[in-house]
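Enquirer: kindly generate the corresponding structure for this input.
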Amino acid sequence: MTHLLNDFIDESSIESMERKLDIEQALLILTEREREILSLSLYGYSQREIAQKVGYDQSQICRILKSCINTVRLSL
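Expert: Numbering: from 1, shown residues only. This is a model prediction of the structure:
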């Protein structure tokens, strides 16, 4: 799913490319399931829709998304 997340990163400058590489590295810290959930969220799926798709409940998705964002943010 990482390649889908990369769709959201602009590559128009060297700085953007460097930032993209930093984000790619940060995303590797996440599990495959976390990357999938984050990607679905970025593509506009609601937490309820994501929960149905991956077999979790909405509150679990909320916690996972918060954790993903904090993990990526801290690693940058």
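
Enquirer: what is the burial count for Q52?
Expert: 14 (other Cβ atoms under 10 Å). Bear in mind the C-beta positions are built from the backbone N, C-alpha and C, glycine included.

Enquirer: in which helix or strand would I find it?
Expert: Assigned by DSSP states H and E, Q52 belongs to helix 47-54.

Enquirer: what are the buried residues along that helix?
Expert: For helix 47-54, a neighbour-count test (16 or more other Cβ atoms under 10 Å) marks 47, 50-51 as buried.

Enquirer: please apply the same query to stretch 23-30.
Expert: Buried residues in stretch 23-30, counting neighbours by 16+ other Cβ under 10 Å, are found at 23, 27, 30.

Enquirer: next secondary structure after the helix or strand hosting the first one?
Expert: This points to I23. Secondary structure from DSSP H and E places I23 in helix 14-27. Counting by DSSP H and E, the next helix or strand C-terminal to helix 14-27 is helix 32-42.

Enquirer: between helix 47-54 and that next one, find me the angle.
Expert: 140 degrees (axes from the mean of the first three to the mean of the last three Cα atoms, to 10 degrees).
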